[in-house]
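> Please find the sequence and the predicted model below.
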Amino acid sequence: MQRPSRRKTNTSRYITPEGRTHLSEELSYLWKVKRPQVTQAVAEAAAMGDRSENAEYIYGKKQLRQIDSRIRFLTGRLNELVVVDRTPDDVSKVFFGAWVGLEDSAGNAFRYRIVGPDECDAEKGFISIDSPMARALLRKEEGDEVVVARPRGTEVFVVTSVGYCE
């Protein structure tokens, strides 16, 4: 009998070169810096005696499990990601990696970059290609109207700019 896969994702496998670098750096930090530090702390806590009532030991072991879990995830994810490192042939349209300027019906301006799900960051304006906003924007160009289903209802935006450089 075959064991069922524990993780089925419907997320895109695309990532920008910067996003891949960030994930690789996180993996390297966890493996080469953080894990050895926590392992040393656990060894020191274990040397103190009774482990069943040793909070430092128990907390350290929990930290190690979390670090190991994240390392496994990052290793697997980095192996399946597809780095999109070139601009599309038609740079006037919105595709993966594009910076998109938008204006809503009230005249508010927004600027988003369409990135992979592993690199979303609301403060930077990075939105996942899997998000409703990004899906609505794909293949649009400057001047196009975009209708986006949002939690508070549908909203209409106008694409004010499309670019592939920050």
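Structure's in. What do you need? Residues are numbered from 1 along each chain as shown.
> outside of stretch 112-132, which residues touch it?
The contact list for stretch 112-132 (Cβ atoms under 8 Å, 6 or more residues apart in numbering) reads 10-16, 18-19, 22-23, 77, 81, 94-100, 102, 110-111, 133-135, 137-138, 148-150, 166. The C-beta positions use only the backbone N, C-alpha and C, and glycine is treated the same way.
> Mind doing that once more with 6 Å?
11-12, 14-16, 19, 96, 98-100, 111, 133-134, 148-149 (Cβ atoms under 6 Å, 6 or more residues apart in numbering).
> Just the buried residues of those.
Neighbour-count burial (16 or more other Cβ atoms under 10 Å) is assigned, among those, to 12, 14-16, 19, 96, 98-100, 133-134, 148.
> you'd agree F96 is up against V84?
Yes - counting by Cβ atoms under 6 Å, F96 touches V84, with 5.2 Å between them.
> element containing C165, please.
Using DSSP states H and E, C165 maps to neither a helix nor a strand.
> State the number of residues packed around it.
6 (other Cβ atoms under 10 Å).
> For the residue nearest to it when sequence neighbours are not counted, name its beta-bridge partners.
With sequence-adjacent residues excluded and distances taken as Cβ to Cβ, 6 or more residues apart in numbering, C165 is closest to W99, at 7.5 Å. On the basis of DSSP bridges, W99 is bridged to R113, G163.
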